[in-house]
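Colleague: I'll drop the sequence and a predicted model, then ask my questions.
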Amino acid sequence: MKALQGVEGRVEWGEWPSPVCDVGQVRIKVAAAGLNRADLLQRAGLYPPPPGASEILGLECSGVISEVGAGSPWRVGDRVCTLLAGGGMAEEVVVDARHVLPVPEGLSLQEAAALPEVYATAWLNLFRLAALKPGEKVLLHAGASGVGSAAIQLCRAFGNPCWVSVGSAERLAYCEALGAQGGAIRGEDLEGLRDFGPFDVILDPVGGNYAALNLELLARDGRWVNIGLMGGRKAELDMGLLLGKRLQLIGSTLRSRDDAFKADLLDDLRQQVWPLFAEGRLLPQLERGFPVEDAEAAFAELAGNTVAGKLVLVIDPALA
């Protein structure tokens, strides 16, 4: 089969051995694969896959099941999408059957490829780790990102007013159209977030240079969930604020979680989140699909920080 690998800061679409489908697994003929910042980091050699995971790029994909291992409830021909620790940007992938979700009713395979990673990330960090309750206020940094787009819609669906920080007025308008109450533009009026706070939960993929402001913006008993380090890995914190407000600082990653944890998380999504797509309360935010032959252009567009929502690579145009 052919697959995409990061090599010295670039990507190569080359030949790879086909994986074996074992007990409890399914083989998926891939239609499209979602593109995430983790793929940018892995391409640059900064985010290797966890031990035992595929070195092929891609943390999510969609397609059609072509082989079913013993013990799997799926059937050949089922249209699915899946969360992966790696391997999605390939002509086929073998995955734990528990990590597979049906394509939501009414969505294309391209749209479905943009769902598993961002909705799993948003649901895990807001509703499981931060234990978000109805009515609590949320701040989403990088609100126009794929995770941000999913988180805004989940907040709207579950009764949580949310605000965002973004990189431009256009991206702020995009977030407000999805359901955000408002927000601030990075580099212009980030301090203006104080006007909307205090917040009960902050979901933060930036880290370092937002740390001090996050502590100020959180309400008493607030939770700050850090999921990335786009703003650096080091910060000076006022521990008095941390103690005085009884704040929780939670570090979170999804890719390295074990198979059982991911299976439980995805079962949660299937029961509580996936039905909202059929009801029209959640919508895929797919900005653009790129042919896999144009993968470098797709990576460059994501790296330019102008994407609102998600990009996908189309692996098999006949399916997608």
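Modeller: Great, that's in hand. Numbers count the residues shown, from 1 in each chain.
Colleague: Against Arg255, how distant is Glu117?
Modeller: Distance, Glu117 to Arg255, by C-beta to C-beta, to the nearest Å: 9 Å. Using the backbone N, CA and C atoms, a C-beta is placed for each residue, glycine as well.
Colleague: Okay, domains of the chain per the record?
Modeller: 2-115+258-314, 118-251 (automatic domain parsing).
Colleague: Can you list the residue ranges for strands in the stretch 151-300 of the chain?
Modeller: Along the stretch 151-300 of the chain, the segments classed as strands by DSSP state E, counting those that start in this stretch run 162-166, 182-185, 199-204, 218-226, 248-251, 286-291.
Colleague: try the stretch 1-150 of the chain
Modeller: 2-7, 10-15, 25-35, 60-68, 79-83, 92-96, 100-102, 138-141.
Colleague: related to what we said a few turns ago, nearest to Glu301 among the strands of the stretch 151-300 of the chain would be which one?
Modeller: strand 286-291 (7.6 Å; C-beta to C-beta).
Colleague: what angle do that closest one and strand 25-35 make?
Modeller: 110 degrees (axes from the mean of the first three to the mean of the last three C-alpha atoms, to 10 degrees).
Colleague: Quick one: list the elements packing against strand 286-291.
Modeller: Packing partners of strand 286-291 (3 or more C-beta pairs under 8 Å, 6 or more residues apart in numbering; DSSP states H and E): helix 109-112, helix 295-303, strand 310-314.
Colleague: hey, C-alpha coordinates of the shortest one in PDB?
Modeller: Backbone C-alpha positions of helix 109-112 (Å, rounded to 0.1, in the frame of the first residue of the first chain) are rendered in PDB as follows:
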ATOM      1  CA  LEU A 109     -16.600  10.500   4.200                       C
ATOM      2  CA  GLN A 110     -14.500  13.700   3.700                       C
ATOM      3  CA  GLU A 111     -16.500  15.400   6.400                       C
ATOM      4  CA  ALA A 112     -16.300  12.400   8.700                       C
END
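Colleague: can you tell me the average pLDDT over it?
Modeller: The average pLDDT within helix 109-112 is 98.
Colleague: same check, this time on the longest one
Modeller: Throughout helix 295-303, pLDDT has a mean value of 95.
Colleague: Okay, buried residues for it please.
Modeller: For helix 295-303, the neighbour count (16 or more other C-beta atoms under 10 Å) marks 295, 298-299, 301-302 as buried.
Colleague: Using CSV, write out the CA atom coordinates for it.
Modeller: Provided in CSV are the C-alpha atoms of helix 295-303 (Å, rounded to 0.1, in the frame of the first residue of the first chain):
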residue,chain,number,x,y,z
ALA,A,295,0.0,17.1,0.9
GLU,A,296,2.8,19.6,1.2
ALA,A,297,0.4,22.4,0.2
ALA,A,298,-2.1,21.2,2.9
PHE,A,299,0.6,21.1,5.6
ALA,A,300,1.8,24.6,4.6
GLU,A,301,-1.8,26.0,4.8
LEU,A,302,-2.3,24.5,8.3
ALA,A,303,1.1,25.9,9.4
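Colleague: Now do that helix: which elements does it pack against?
Modeller: strand 10-15, strand 25-35, helix 37-43, strand 286-291, strand 310-314.
Colleague: swap in the shortest one?
Modeller: With contacts defined as 3+ C-beta pairs under 8 Å, 6+ apart, the packing partners of helix 109-112 are strand 25-35, strand 60-68, strand 79-83, strand 286-291.
Colleague: Can you tell me which of these is packed in deepest?
Modeller: strand 25-35 (a mean of 27; mean count of other C-beta atoms under 10 Å).
Colleague: Each with direction, which strands does it pair with?
Modeller: Strand 25-35 sits in its sheet next to strand 60-68 (antiparallel), strand 92-96 (antiparallel), strand 310-314 (antiparallel), going by DSSP bridges.
Colleague: Check the gap between Cys61 and Pro116 for me.
Modeller: 8 Å.
Colleague: Can you pull the residues that touch both of the two?
Modeller: Residues touching both Cys61 and Pro116 (C-beta atoms under 8 Å, 6 or more residues apart in numbering): 34, 81-82.
Colleague: Export these as CSV, with columns for pLDDT and distance to Gly251.
Modeller: Listed next are the shared contacts of Cys61 and Pro116 as CSV, based on pLDDT from 0 to 100; distance: C-beta to C-beta, whole Å:
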residue, pLDDT, distance to Gly251
Gly34, 98, 23
Cys81, 98, 27
Thr82, 98, 25
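Colleague: And those residues, which is closest to Leu218?
Modeller: Out of the shared contacts of Cys61 and Pro116, the member with the shortest distance to Leu218 (by C-beta to C-beta) is Gly34, at 30.7 Å.
Colleague: List the residues that contact that closest one.
Modeller: Applying C-beta under 8 Å, 6+ apart, the residues contacting Gly34 are 58-61, 88, 113-118, 146, 310-312.
Colleague: For burial, what's the neighbour tally of Gly52?
Modeller: 7 (other C-beta atoms under 10 Å).
Colleague: gap between it and Gly87?
Modeller: For Gly52 relative to Gly87 (C-beta to C-beta), the value is 11 Å.
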